[in-house]
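Trainee: here is the input, now give the coordinates:
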Amino acid sequence: MNMLRFTVPCREGRFTTLKEKKNISLETVDSHRYLRSLSKENMPFASPNPERMTIHFYKANQTDKDFRGMPVVLNFTDSQSFLKCSRQDEGAILRVEACDKHRLSLICQQDESALAFLFYMKRTMSGQHQFESALCESWFIQVLHQETVQVTHQPATRPAMEEDPSFYFNIHSYSN
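Mentor: Here you go, the predicted structure:
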């Protein structure tokens, strides 16, 4: 995996690390499978076996007019592997990519290479979570066919997504 090491000075729109929650797993609501990192071509996948992850919570120096969620970065615990949503052609693609954790301690809105690692996490009243790409607005992490993990575009109205459990995850914590 390639390591990214350049920085862009922040003019506006800054996200700084606030705290982290280690040793969690993300379980899909509909298939009860867990996000995993190791697969062909650095594509995440869903498995019946959990993989420990870390959620890095961020604080924004300004807020959007529409609340998109808590800014987070999703890291596979004890590694430099992160989920990343990038633009591809007319759409977006979700990958697992290595990045220096220190580089992600401050993410600038105009630095698309770092912003691609940031997601907005929203929690429902029932305690389930969804993750929207910060770089690719209206693209959400979704698990299809029990194993395929991807980002899918959902328009701002999103009524179909609210009823589709493939967009939602339960967060499980582990003691070690």
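Trainee: so what's the spatially most central residue of the chain closest to, chain neighbours aside?
Mentor: The centroid of the chain falls nearest to F119 when counting by Cα atoms, centre = their mean (4.4 Å). Leaving aside its chain neighbours, F119 sits nearest to F131 (4.3 Å; criterion: Cβ to Cβ, 6 or more residues apart in numbering). Where you see a C-beta, it was placed from the backbone N, CA and C, and this is true even at glycine.
Trainee: wait, a strand at L83?
Mentor: Yes. Residue state for L83 (DSSP: H, G, I helix; E, B strand; the rest coil) corresponds to a strand.
Trainee: circling back: roughly how far does the residue nearest to the centre of the chain sit from L26?
Mentor: 11 Å (Cβ to Cβ, to the nearest Å).
Trainee: so what sits against both of the two?
Mentor: Here F119 and L26 have L74 as joint contacts, going by Cβ atoms under 8 Å, 6 or more residues apart in numbering.
Trainee: before we move on, the earlier item: in contact with the residue nearest to the centre of the chain, which residues?
Mentor: By Cβ under 8 Å, 6+ apart, the contact set of F119 is G69, P71, V72, V73, L74, L83, C85, F131, E132, S133, A134, I141.
Trainee: show me what it bridges to in the sheet.
Mentor: Beta-bridge pairing of F119 under DSSP bridges involves V72, S133.
Trainee: hey, where'd the helices end up in this structure?
Mentor: Ranges of helices within the chain are 112-115, 159-162, based on DSSP state H.
Trainee: mean pLDDT for these: which is lowest?
Mentor: Mean pLDDT is lowest for helix 159-162 out of these, coming in at a mean of 61.
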